[in-house]
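Colleague: What would the 3D arrangement of this be:
(chains A and B)
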There are 2 protein chains.
Amino acid sequence: GSAPGDDGGGGGGGDGALPAYRSAAVGAFKFEYLDHTADVQLHAWGRDLKEAFENCGLAMFNYMSPLELVRPRETRSYRAEGHDLPSLLYGFLDELLFVFATELFLAASLTITTFDRVNWVIEAEGVGEAFDREVHEVGTEIKAITYSAMAISEERPDDAEVFVIVDI
Amino acid sequence: GSAPGDDGGGGGGGDGALPAYRSAAVGAFKFEYLDHTADVQLHAWGRDLKEAFENCGLAMFNYMSPLELVRPRETRSYRAEGHDLPSLLYGFLDELLFVFATELFLAASLTITTFDRVNWVIEAEGVGEAFDREVHEVGTEIKAITYSAMAISEERPDDAEVFVIVDI
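Modeller: Here you go, the predicted structure:
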């Protein structure tokens, strides 16, 4: 929170000292740093949107841990639903992130086996392994997918692309 | 820039390959990361606004390079103008940042000698030294001061505070 200190204890009054809740908080310096926010934009492409979505998922995994160190040891299935293309992309990436959060599973390759633009369903298989600090590098945590400035394009022949901003 | 690739060279057409400007850009992976944005909120306080401004300046320097390693070897004068308190705070921090950008000067202590709330002028002296990679730690670059959610408060007796978000 960034609200001015309202945790009582105030009223330094005329004695020249700062209120205790200030001086206790910081030691020698009279400043502090509050939570920072950060994001990065993923840009992925492929011959069609299916490939662009797959590559966007890989971009996300690679940001969390470089994919060249992730071995193809297990297969994990994913399923996501939406109601249009943006929500389908959001749901797909969110599913990858959720499975990573619960199982630490990193996919080094992704294949979308169902890309249903009538019922807005994606089914996919990832091949990879669980994150292991002895084997893998720690990248940057991705905290959330966002719809901010999301762009999905398939206007060029044989060249689709997506842009997704994620919170880090 | 985050616009879909408009650097010509497109038209992969029916030959199955991605356009050259894609494949040339990335090697094995069909994704890239575009500039990320990040910010941190500085919170500083003191017995009055003059002290809170001074401490906010120190918070900024300390974020760029820990102040405990900055020795009091030189004195540098600063001057900033504004038209109200927020612009004065902005101008003061921006001046500190500008002098750092041009001279690498880090202040380990700051004294505001003029805090003129009629003509909105700050004059200050910093004591410190130029950044030296042999001596100092590299912190995080501060790219710009912002007015976003800026707050300046002197409502409590003997306790003023400021909040400033800076781009990193």
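
Colleague: all helices of chain A, in order?
Modeller: Counting by DSSP state H, one finds helices in chain A at the ranges A:20-26, A:49-64, A:85-103.

Colleague: low pLDDT regions in chain A?
Modeller: Chain A contains residues with pLDDT under 70 at A:1-27.

Colleague: Report how many residues lie close to residue A:139.
Modeller: For residue A:139, the count of nearby residues is 14 (other C-beta atoms under 10 Å in any protein chain shown). C-beta coordinates here come from the backbone N, C-alpha and C atoms, glycine included.

Colleague: tell me the most buried of the helices of chain A?
Modeller: Compared across these, helix A:49-64 shows the largest average neighbour count, a mean of 24 (mean count of other C-beta atoms under 10 Å in any protein chain shown).

Colleague: Figure out which of the helices of chain A is closest to residue A:37.
Modeller: Across the helices of chain A, the minimum distance to residue A:37, taken as C-beta to C-beta, is reached by helix A:49-64, at 16.7 Å.

Colleague: Does chain B have contacts with that closest one?
Modeller: Yes - applying C-beta under 8 Å from any C-beta of the partner chain, one finds helix A:49-64 touching chain B at A:51, A:52, A:55, A:56, A:58, A:59, A:62, A:63.

Colleague: From these, pick the one nearest chain B.
Modeller: When the residues of helix A:49-64 next to chain B are compared for distance to chain B (C-beta to the nearest C-beta), residue A:59 wins out at 3.6 Å.

Colleague: Chain neighbours aside, what residue packs nearest to the residue positioned nearest the centre of chain A?
Modeller: Closest to where the C-alpha atoms of chain A average out (C-alpha atoms, centre = their mean) is residue A:142, at 3.1 Å. Nearest in space to residue A:142, with sequence neighbours left out and distances taken as C-beta to C-beta, 6 or more residues apart in numbering or on different chains, is residue A:166 at 4.9 Å.

Colleague: Likewise for residue A:131?
Modeller: residue A:104 (4.2 Å).

Colleague: what about that neighbour, neighbour count?
Modeller: What residue A:104 shows, counting by other C-beta under 10 Å, is a neighbour count of 14.

Colleague: how much space between it and chain B?
Modeller: Computed with C-beta to the nearest C-beta, to the nearest Å, the distance linking residue A:104 and chain B is 22 Å.

Colleague: same question, residue A:114
Modeller: 21 Å.

Colleague: can you pull the buried residues of the lengthiest strand in chain A?
Modeller: Taking DSSP state E as the assignment, the strand of chain A that covers the most residues is strand A:31-46. By neighbour count on 16 or more other C-beta atoms under 10 Å in any protein chain shown, the buried set for strand A:31-46 is A:31, A:39, A:40, A:41, A:42, A:43, A:44, A:45, A:46.

Colleague: my guess is the first one meets residue B:40, correct?
Modeller: No - contact criterion C-beta atoms under 8 Å: residue A:31 and residue B:40 do not qualify, at 11.6 Å.

Colleague: List the contacts of the nearest residue to residue A:74 once chain neighbours are set aside.
Modeller: With C-beta to C-beta, 6+ apart as the measure, residue A:129 is the residue that lies nearest to residue A:74, at 5.7 Å, once sequence neighbours are left out. Taking C-beta atoms under 8 Å, 6 or more residues apart in numbering or on different chains as the criterion, residue A:129 is in contact with A:70, A:71, A:72, A:73, A:74, A:105, A:106, A:108.

Colleague: wait, what's in contact with the first one?
Modeller: By C-beta under 8 Å, 6+ apart, residue A:70 lies in contact with A:61, A:106, A:107, A:108, A:128, A:129, A:136.

Colleague: Please name the two of those that end up farthest apart in the structure.
Modeller: Largest separation among those by C-beta to C-beta: A:107 and A:136, giving 12.7 Å.

Colleague: Looking at those two, which one has more neighbours?
Modeller: Set side by side, residue A:107 and residue A:136 show more neighbours around residue A:107, with 27 against 19, by other C-beta under 10 Å.

Colleague: tell me the contacts of the more buried one?
Modeller: Residues touching residue A:107, when contacts are defined by C-beta under 8 Å, 6+ apart, comprise A:57, A:58, A:61, A:70, A:76, A:96, A:126, A:127, A:128.

Colleague: what do you get for residue A:74?
Modeller: Taking C-beta under 8 Å, 6+ apart as the criterion, residue A:74 is in contact with A:105, A:127, A:128, A:129, A:130.

Colleague: For chain B, see how far away the fourth one is.
Modeller: So that's residue A:129. For residue A:129, the distance to chain B - C-beta to the nearest C-beta - is 19 Å.

Colleague: Please apply the same query to the third one.
Modeller: According to C-beta to the nearest C-beta, residue A:128 stands 15 Å off from chain B.

Colleague: you'd agree that residue is up against residue A:72?
Modeller: Yes - because the distance of 6.4 Å satisfies C-beta under 8 Å, residue A:128 is recorded as touching residue A:72.
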